[in-house]
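Engineer: Need a 3D model of the following:
(chains A and B)
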Amino acid sequence: MISFVLVILILIWFAGVLFRIYRQAHFYQIEEYQSSRYIRWLFEKRNRWLPARPVVVWFVGTSFSVMLAEAPGSIFPGVIGIIAAIVAVWPAKRGEVKKPFRRTQRVSRILGTAFVFTSILALLVGLVNFLLLNDQMPALRFGFAGAAGLLSFILAPLILILSNIVMQPVEAVSRRRFLNNARRVLHDVQPTVIGITGSYGKTSTKVYLAQILSGRYRTLPTPKSYNTLMGVSMVINDTLAYDYSIEYFIVEMGAYIPGEIAEICDLTHPHIAVIIDVGPQHLERFGSIEQTAIAKYELIQALPPNGVGVFNWDSPHVREMYERGYPQTRIAVSRQVSPDDVPEDGPRFIASDIQQTLDGLTFTVTDTATRETELFITTLLGEHTVTNILLATAVAIHEKMSLQEVARMVRLLQPAESRLVRQVTAQGITIINDAYSANPVGAANALRVLGLHRGGKRLLITPGIVELGDLMEAENRKLGEVAAQHVTDVILVGQEQTQPIQSGLVNAGFPKERIIVVDLLAESITWYQQHLKPGDAVLFLNDLPDTYHQ
Amino acid sequence: MSSNRKTVVGVIFGGRSVEHDVSVVTGNQVMRAFDTDRYEVVPIYIDRNGKWFTGKPLMELKNFNDEVTGLPGVEDAILSPSINHHGLIINPIAGRFSKSAIKRLDVVFPAVHGTHGEDGTLQGLLELADIPYVGCGVMASAIANDKIMTKAVLQQSGIPVVDSVHFSRIAWRDDPDAIIKQLEASLTYPMFIKPATTGSSIGIGYAPDETLLRASIDIATHFDRNILVEGAVADSVEINCAVMGNDDDIRASVLEQPVSWQDFLTYEEKYLRGNEGMKSADRIIPAPLTDELTEQIRQTAIDSFKAIDGRGTARVDLLVKPDENVFYVNEINTMPGSLAFYLWQEEGLSSAETVEQLVQLAQDAHAIKRQSTYNYQTNLIAQTAARGLKGAKGRKSVTN
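Structural biologist: Reported below is the predicted structural model:
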């Protein structure tokens, strides 16, 4: 009887550990199987690495067992152990997670290995119990099984990491095969590769450039925010391999660590590089803005001597790259310099007379090399959009399109998914969606767009900006201060992390009673559906971070 | 594209037409003209039966005998109309032990004369494939390929053409006497009899009297469904002028006077051989005409090219009466033999520069075509599906 209960107890903990591993694999995947990043994420909140319920339940269960374990041979401690184990490992309610779990081959391999490890662990616990502790008190045996179970449960992330390490050689082989295939496809199709990087605006600039160039050429932009080496390879192997008509392959290049962009360049050999901005985005992964700038410059370094660099003059870090003098052909763009007063070796394409309404932007673009000017009109929003369009214009003109042709394509531009998109609902509520861009510049621009709305409430819904490292608090306070000038109501998602925004709002004199703090995005949607009337406007700013709930 | 890689040019030659052999020679001249430092040439050979091949051995003229397509390194290939292939599918029907491959082409240079090459059919395939190609588009090729249509279009644009009568093969077989009567009423002997669409001189007859006229028409009807009969232009010489360009930027070459037609054109060979401007035994460059007449002819060549909506290049052939300052446009060759390299040479263009300019013109024309929108999304399909097919058909039945 005791043996039976013991086996059940071990099996329950075994199942619980497996399920925890399975769930953790999702976050491990989001952190791209980089153990250091995953561990950092894990230790950010106590509840992530040390869930309260299993520990508390284990303590309570064990205490009870000890108290009731007077009669030898009693199975009471065992029954309590089983109940406690079930309560302990019962899956917690899931928070909201933006990126869905993808059942890739890699994650299957890791989970398979973790399953083997956990099975061995369970077998060991069983063996110790039946061979070494056979003569001991049942309470001790149940206690040992329970303690081993709890320990395994807490160390489940470690099992995951260990499995990944064990599978490293297999991953290396499949990775190399995948990359070699991508290399072969690029060699066969031979598109001109355009690399785009920057702390923000990458996806938007890529989407605009693809739309403008398609006025004359066949283009393939990397979809969504695919911007890692493996993501880019996947696009090459899955899409480019089947479309030999592509003349321009536009690659968004993200970097979480120095060397990542160099790696993508080593695969794709870009001929044209676009550098948008260097800012505090992902600062917690880079350490400093200088480090970020060095990482972005890898794209310019990867260009061949006859390649083309396109730079945003208005960003000091990017202008510095422009002035370094490589490659020979460099084009800078600006929306701050006056077209009548261009410094020597200054920007070639300049936007002036920028007008913004809720219906979009109009601005004049001057090509200072030819003194041509053209009026650009777009339904896109946000002043940073002007820079993104200018960068795309510079590439298109270099690739033999005329300024007129570009202006015509700009009129047809569609926004990138969830990036400062304006819609009006059937109820007459204006919704401005800027859910994916999470950076201070974009956020301020989005707030300014909301501020253009007249004649109703202007509601901001945001969890704040994350991944800014040391600057996170300061930037969020600043965000609160800017928001105070442009909005009438605020809903903050998440109690803890939105503290700096609240203080920023209050500092700037925003009435406290107009700030609502909720835990989940869903609650904020319910609130605005109940409280907003036709004529009101709402801005969704960075609606859900990838991993910051739970 | 600004990429530093070589431009890949597919040169198509041969073809299912009576001009297969000429085309193999032209194709070879074109392939050898390209600067191999900047262009990668892919030979694409269509044999007499219409089968397509590619492979290095096809670059060598000396390989062209009956076994050329069996040489090692020569493979089956088709030019795919599917937009995503953008070039050749090599070994398209792969078996267990072979593999298909795609060879991307940046631009195609059709060097195929006559039927199934110069007549718009090959151009149609290249349009479907969305690959830039050298020379005239579908319509200009089709018009220029048909002497009757060419005349109609040129006449419409006020360009002088020789008086002519045309009729169909069926009409001729039904009632030849009526046709002869009509011809004799409209034209005077001698006459030229031409099948509407064959290139070179195949099927063309010369008739000083009715007997020969009937015989020549009989021969010509073996080559085409439609026959064109022109009155001969007395005391005339044939003059050719090549043109190159797109849209409003078209230039004309120096004029040439071919002399291999001396029997037809009552031209004294003796006189020709004594001419200083003669470049070879069969042509005089530049043609011995006054500057004023030369200029008029060059302008007319450009106008004719524009009239058929030509692009890239063509050679315009005229009949000129030098003494009277009168000339007629006779035909337009959208794929002239040797691509008139020898005429552009006189204009200071090497054959390498000529092919390079033609490739550039092809890419420019393609870029202009891209400015038109072809992809326009409607929700017609969804609506029709939602309504059921009945709805879509219902509309049709109203008109029935």
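
Engineer: Below-threshold pLDDT in the chain: ranges please.
Structural biologist: No chain was given, so I picked chain A. By pLDDT under 70, the low-scoring segments of chain A are A:68-75, A:95-98, A:281-287, A:418, A:436-438, A:467-469, A:543-550.

Engineer: I was thinking of chain B, sorry if that wasn't clear
Structural biologist: Across chain B, the ranges flagged by pLDDT under 70 are B:1-4, B:199-201, B:260-281, B:373-377, B:388-400.

Engineer: try it again with 80
Structural biologist: Across chain B, the ranges flagged by pLDDT under 80 are B:1-5, B:66, B:97, B:198-202, B:259-282, B:370-380, B:382-400.

Engineer: Longest helix in it, please.
Structural biologist: In chain B, with assignment by DSSP state H, the single longest helix is helix B:351-370.

Engineer: And that helix, what does it pack against?
Structural biologist: Judged by 3 or more CB pairs under 8 Å, 6 or more residues apart in numbering or on different chains; DSSP states H and E, the packing partners of helix B:351-370 are helix B:20-33, strand B:107-110, strand B:237-246, strand B:312-321, helix B:341-346. Quick note: C-beta positions are derived from backbone N, CA and C, even for glycine.

Engineer: If you drop the residues flanking it in sequence, what lies closest to whichever residue of the stretch 1-150 of chain A sits closest to chain B?
Structural biologist: Proximity of the stretch 1-150 of chain A to chain B (CB to the nearest CB) peaks at residue A:105, 24.8 Å away. Closest residue to residue A:105 apart from its sequence neighbours, by CB to CB, 6 or more residues apart in numbering or on different chains: residue A:174 at 7.5 Å.

Engineer: now the one you found: how far from chain B?
Structural biologist: Residue A:174 is 22 Å from chain B, where distance means CB to the nearest CB, to the nearest Å.

Engineer: my guess is residue B:210 meets residue B:180, correct?
Structural biologist: Yes: using CB atoms under 8 Å, residue B:210 is in contact with residue B:180, at 6.5 Å.

Engineer: the more surrounded of those two?
Structural biologist: residue B:180 (16 against 13; other CB atoms under 10 Å in any protein chain shown).

Engineer: Can you show me the strands along the stretch 251-400 of chain B?
Structural biologist: Here the stretch 251-400 of chain B has its strands, by DSSP state E, counting those that start in this stretch, at B:278-280, B:283-284, B:312-321, B:326-333.

Engineer: what comes up buried for the third one?
Structural biologist: By neighbour count, with 16 or more other CB atoms under 10 Å in any protein chain shown as the criterion, the buried positions of strand B:312-321 are B:312, B:313, B:314, B:315, B:316, B:317, B:318, B:319, B:320.

Engineer: Save those residues as JSON lines, and put in distance to chain A too.
Structural biologist: JSON lines is the format used below for these (distance: CB to the nearest CB, whole Å):
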{"residue": "B:312", "distance to chain A": "18"}
{"residue": "B:313", "distance to chain A": "22"}
{"residue": "B:314", "distance to chain A": "25"}
{"residue": "B:315", "distance to chain A": "29"}
{"residue": "B:316", "distance to chain A": "30"}
{"residue": "B:317", "distance to chain A": "35"}
{"residue": "B:318", "distance to chain A": "36"}
{"residue": "B:319", "distance to chain A": "42"}
{"residue": "B:320", "distance to chain A": "40"}
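
Engineer: just to revisit the earlier point, winner for burial among the helices and strands packed on helix B:351-370?
Structural biologist: Of all these, strand B:107-110 has the most neighbours on average by mean count of other CB atoms under 10 Å in any protein chain shown, namely a mean of 27.

Engineer: what's that strand packed up against?
Structural biologist: On a contact count with 3+ CB pairs under 8 Å, 6+ apart, strand B:107-110 meets strand B:7-14, helix B:121-129, helix B:351-370.

Engineer: CA atoms of it as CSV?
Structural biologist: Extracted C-alpha coordinates of strand B:107-110, given in CSV (Å, rounded to 0.1, in the frame of the first residue of the first chain):
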residue,chain,number,x,y,z
VAL,B,107,17.1,40.1,-69.3
VAL,B,108,16.4,38.1,-72.5
PHE,B,109,17.8,38.9,-75.9
PRO,B,110,15.6,37.2,-78.5
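
Engineer: to the chain's geometric centre, what's the distance from that strand?
Structural biologist: Centre-to-centre, strand B:107-110 and its host chain are 13 Å apart (CA atoms, centre = their mean, to the nearest Å).

Engineer: Give the closest residue to residue B:221 in space, chain neighbours not counted.
Structural biologist: residue B:169 (4.6 Å).

Engineer: whoops, residue B:232 was the one
Structural biologist: Closest to residue B:232 by CB to CB, 6+ apart is residue B:190, at 4.5 Å.

Engineer: and the one you found, how many neighbours?
Structural biologist: Residue B:190 has 15 neighbours, counted by other CB under 10 Å.

Engineer: separation between it and chain A?
Structural biologist: 53 Å.

Engineer: and residue A:20, that one's in a helix?
Structural biologist: Yes: checked against DSSP: H, G, I helix; E, B strand; the rest coil, residue A:20 lies within a helix.

Engineer: helix, strand or coil for residue B:219?
Structural biologist: Per three-state DSSP, residue B:219 ends up helix.

Engineer: and the residue of chain B found nearest chain A, how many residues sit next to it?
Structural biologist: Residue nearest to chain A within chain B (CB to the nearest CB): residue B:86, separated by 3.7 Å. By other CB under 10 Å, 23 other residues sit near residue B:86.

Engineer: Next: residue A:127.
Structural biologist: As a burial measure, residue A:127 scores 10 neighbours (other CB under 10 Å).

Engineer: can I see the domain layout of the chain?
Structural biologist: Chain wasn't specified; assuming chain A. Domain assignment for chain A by automatic domain parsing gives A:2-169, A:190-411, A:421-541.

Engineer: sorry, should have said chain B
Structural biologist: B:7-133, B:163-231, B:237-369.

Engineer: Take these and lay them out in JSON lines including distance to residue A:288.
Structural biologist: Output for the domains of chain B, formatted as JSON lines (distance: least, CB to CB, whole Å):
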{"stretch": "domain B:7-133", "distance to residue A:288": "44"}
{"stretch": "domain B:163-231", "distance to residue A:288": "72"}
{"stretch": "domain B:237-369", "distance to residue A:288": "45"}
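
Engineer: wait, which of the ones you listed is closest to residue A:481?
Structural biologist: domain B:237-369 (49.4 Å; CB to CB).

Engineer: Quote the end-to-end distance of the closest one.
Structural biologist: Taking CA to CA, to the nearest Å, the first and last residues of domain B:237-369 lie 39 Å apart.

Engineer: same deal with stretch B:42-55?
Structural biologist: End to end - CA to CA - stretch B:42-55 spans 7 Å.
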